[in-house]
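J.: build me a model from this:
(chains A and B)
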Amino acid sequence: MRPDAYAITIILLAATVESGTILLFPIIGEIFTERSGILNLGIEGMMIIGALVGFATAFMTGQIYWAFFMGMLAGGLASLIHAFISITLRGNQVVSGLALSIFGLGVTNFYGQEFVNLQLAHTIPQVIIPGLSQIPFFGPILFKQDYMVYLSYILVIITWFILFKTKAGIQLRAVGQNAQAADAMGVNVYKVRYFWTFFGGLMAGAGGAYLTLNCAPFWLDGITAGRGWVAIALVIFARWNPPYALIGAYLFGAINALQFQLQSMGTTIPSALLSMQPYFLTFILIIVATLLVKAKHIGVPKELGIPYAREEK
Amino acid sequence: MIKNSSKIINLIKVETVEMRGIVKQFPGVLANDHINFDVHVGEVHTLLGENGAGKSTLMKILYGIYHQDEGEIYVNGKLVNIRSPLDAIRLGIGMVHQHFMLVPTLTVAENVALGLPSSRKFLLDLDMVTERIKELVKINGLYVDPEAKVWQLSVGEQQRVEILKVLYRGASLLILDEPTAVLTPQEVEELFHVLRSMIKRGYTIIFISHKLREVLSLSNRITILRDGKVVKTLPAVEATQEKLARLMVGREVLLQVEHPAVKLGKVALALEGIWVQGDEGLHALRGIDLEVHSGEILGIAGVSGNGQSELAEVIAGLRKPTQGKVFIKGINVTNWSPSQLLDYGLSYIPEERMRDGVVQEFNIEENLILKDHIHPPYAKGIFMNFHKIGQESERLIKNFDIRTPSRYTSLKSLSGGNIQKLILARELSRKPSVLVAAQPTRGLDISATEYVHRQLIEQRIKLKTATLLISDDLDEILSLADRIAVIYEGEIMGVVKRNEVSVEELGMMMGGVHKDNIP
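T.: Here you go, the predicted structure:
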């Protein structure tokens, strides 16, 4: 490999990780929400709320980590609307989720007006991990990133552990597979569902905040550009399992990074066509994933989208 | 005293439970109307009653799933307030539900551990749970592998897991809600054996059932419920099947139907090497060969979930076979559409009557003509002949004894029994040459069941209809069928004449032993 091609590959893959991280947070969040039996189609809305709150906080205070936290919290709070409608009121989860997405886009359009085209002075700083970053090839890709990326690595491991090795995980899986059985065993179905829906919101907010605090440090209407919907599709690709979420997110990130690279190299392919590629990939992934899920019957939480009421005859 | 098991689990002893004046109102139904019920240590007290009599409701109140509107519960003489299953478990009360409360993707040990505090705080302690389960298995004779995933287990094994779950939590009072509904006769015997030995070791059991024979064989005392009220509580030694049936229904009942022999006609329905995929993608039917003659009722016996639903659907044209052929009156009708089959003389009483049998939003008249509304006399060109439809509906309502204020009454206000009568009226008045009746009396009370049975027999005598009767209720098959085919995991284990087979032999076939291999 010629040295410049090698350098470009490294840059591309590092960008892949960055771009994939935006999606990794919400995918993991939604995996847990759906595992509890709640379908939240409001990710796009929660992400963009997180994106604006994060951006605005950073713009006004200059505190980048504080901004990330606020964006995350905003996503979490937004998810409680969906939780209330689908868990307490037992409403239609599809309608409620769609409404949340539309609400998020609308509300950020309104409150974001004063920030349009403004830029952040500083983005999330790079933190090079000594030692690990020296590993040839992988070092500069994986360990010359920022704290949020490192957080996402840890998150994948921790969430996998929670899901399969802890009491909380077994309760979560039981509630999503057979809520009635879980209830009869003394698991509080409502509490479990509220908690993990809130967690899903936090993660969506984190993804949104990471977008405006690092990858695109400015504000535009609809800046999430459908990433929330892609995340929902990738949950299926991940078969509701955090480690697979990483693969899905980075595949999407790779195509995204590649099309940016091509655009900056001045290709003759129309940019709109290039921007379409990640979404096209999503289609392919979802087809593959659906076939896999169908053939092996794995992962799909049986209670997904079904409200739970104890005293129903 | 409960021996042995006290070493591995903290048993919560229940000496007495007393429920006084329990009232529970659901929208439109008074499910429990001032019920008094008590149970004492070391006895099996049975709650007997028809569907909707309020048995399950009463027990769900005791287990904290529902909360009573009025009335009090005393455990060991103390007034208690049971607000959730967790409260009940803390008092030593456990419930095994009719529909198993298991998470199929988890292992036996994980299912047992669900909702329990772990000795390692937030982490699971499955190895310890597994050890304790093994102990419980040994003491109680409830054989099951703690490390198996629940979806891999047979129905009988799943039930043992349910009982283990309850025992693991230290319950000494077990509520068993219709535990035999899904078992083969042999499995029922095994279960009763286990329960009897548990009683000897100081456990107490509340048994919910509507099967008279089993009730008499297991119980010490029997309480009969009807329409949410207690009719009578009596010791089992004073009861007979006839007496119990009369108390349950409130009048004399014929437990056996007249069943005159009929000369067999030609083969009306034939299946040749039928393979069908189930909803799970696996083969639900694996090479089924069957013949049903005119004037014959062929009963399909088997534990539910062995391909019965798919069998009915493939004949009704609702499911396509991957291999094999279906013949009606000698014509190959494989892959015909349902409407073609209906016109060719097939009638179908579906298992899920509310889903596949009727349109709930329609009134009685509209439901009665669902299948033939495109044909004269109901239709004239593109118009409906409402005069004729009205006449026919009135006739069917009268002939089939559908209890309704009028033919315009919405289906929603009809009882299950009347809805089944409506379906029978529609299906039988079409004068079918082949009738597929899937679980035709499931969920019906004794009177409605009796009525359906009489209609099926009459149809067979008068119209020489070839009837395929699919039922989970072995007693029903034994009282109606001329010949019996036993289905197990999508294969026919044998076809036998009703009067040439014993219940034990049928039970073995239902458990997967081929007829030729029965000693």
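J.: show the pLDDT at the residue in the stretch 1-150 of chain A that chain B sits nearest to.
T.: Minimum separation of the stretch 1-150 of chain A from chain B (Cβ to the nearest Cβ) falls at residue A:35, amounting to 10.9 Å. (Glycine included, C-beta is placed from N, CA and C.) Reading off the confidence values, residue A:35 has pLDDT 95.
J.: and residue A:65, by the same measure?
T.: On pLDDT, residue A:65 comes in at 95.
J.: just give me the neighbour total for it.
T.: Burial of residue A:65 is recorded as 13 neighbouring residues (other Cβ atoms under 10 Å in any protein chain shown).
J.: count of neighbours near the residue lying closest to it once chain neighbours are set aside?
T.: Distance criterion Cβ to Cβ, 6 or more residues apart in numbering or on different chains; nearest residue to residue A:65, sequence neighbours excluded, is residue A:147 at 7.5 Å. When counting by other Cβ under 10 Å, one arrives at 14 neighbours for residue A:147.
J.: tell me the contacts of residue A:147?
T.: Taking Cβ atoms under 8 Å, 6 or more residues apart in numbering or on different chains, we find residue A:147 in contact with A:65, A:124, A:127.
J.: any idea how far it is from residue A:121?
T.: 18 Å (Cβ to Cβ, to the nearest Å).
J.: pull the distance from the longest helix along chain A to the chain's centre.
T.: Ranked by residue count, the top helix of chain A under DSSP state H comes out as helix A:3-35. Helix A:3-35 sits 11 Å away from the centroid of its parent chain (Cα atoms, centre = their mean, to the nearest Å).
J.: report the buried residues of the helix or strand that comes right after it.
T.: Using DSSP states H and E, the helix or strand that follows helix A:3-35 in sequence is helix A:43-61. Buried positions in helix A:43-61, judged by neighbour count with 16 or more other Cβ atoms under 10 Å in any protein chain shown: A:43-59.
J.: remind me which residues of the stretch 1-150 of chain A are low pLDDT?
T.: Along the stretch 1-150 of chain A, segments meeting pLDDT under 70 span A:1-3.
J.: same question but for the stretch 201-313 of chain A, I mixed them up
T.: In the predicted model, the stretch 201-313 of chain A carries pLDDT under 70 at residues A:294-299, A:311-313.
J.: where do the helices sit along it?
T.: For the stretch 201-313 of chain A, the helices defined by DSSP state H, counting those that start in this stretch occupy A:227-237, A:242-264, A:271-296.
J.: which other helices and strands contact the last one?
T.: Using 3 or more Cβ pairs under 8 Å, 6 or more residues apart in numbering or on different chains; DSSP states H and E, the elements in contact with helix A:271-296 are helix A:227-237, helix A:242-264.
J.: which one, of those helices, ends up nearest to residue A:132?
T.: Nearest to residue A:132 among the helices and strands packed on helix A:271-296 is helix A:242-264 (17.4 Å), distances taken as Cβ to Cβ.
J.: that closest one - contacts with which helices or strands?
T.: Counting by 3+ Cβ pairs under 8 Å, 6+ apart, helix A:242-264 packs on helix A:3-35, helix A:147-165, helix A:227-237, helix A:271-296.
J.: residues in contact with that helix?
T.: Contacts for helix A:242-264 (Cβ under 8 Å, 6+ apart): A:8, A:11-13, A:15-24, A:27-28, A:31, A:155-156, A:159-160, A:163, A:230, A:234-235, A:237-238, A:269, A:271, A:274-275, A:277-278, A:281-282, A:285.
J.: rebuild the helices and strands packed on helix A:271-296 as CSV, extending it with mean neighbour count and distance to residue B:294.
T.: CSV is the format used below for these (neighbours: other Cβ atoms under 10 Å in any protein chain shown; distance: least, Cβ to Cβ, whole Å):
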stretch, mean neighbour count, distance to residue B:294
helix A:227-237, 25, 51
helix A:242-264, 20, 58
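J.: looking at these, which is closest to residue B:48?
T.: Among these, the nearest to residue B:48 by Cβ to Cβ is helix A:227-237 (48.2 Å).
J.: residues in contact with the closest one?
T.: By Cβ under 8 Å, 6+ apart, helix A:227-237 touches A:22-23, A:26-27, A:30-31, A:34, A:41-48, A:101, A:204, A:207, A:211, A:244-245, A:247-249, A:252, A:278-279, A:282, A:285-286, A:288-290, A:293.
J.: show me what contacts residue B:153?
T.: Applying Cβ under 8 Å, 6+ apart, the residues near residue B:153 are B:108, B:144, B:161.
J.: go again using 10 Å as the cut-off
T.: By Cβ atoms under 10 Å, 6 or more residues apart in numbering or on different chains, the contact list for residue B:153 reads B:100, B:102, B:104, B:108, B:144-145, B:159-161.
J.: among those, which two are most distant?
T.: Largest separation among those by Cβ to Cβ: B:100 and B:145, giving 16.8 Å.
J.: those two - which one has more neighbours?
T.: residue B:100 (20 against 16).
J.: pretty sure residue B:83 contacts residue B:67?
T.: Yes - under the criterion of Cβ atoms under 10 Å, residue B:83 makes contact with residue B:67 at 6.6 Å.
J.: between these two, point out the one with more neighbours.
T.: Neighbour count, other Cβ under 10 Å: between residue B:83 and residue B:67, residue B:67 has more, with 14 against 10.
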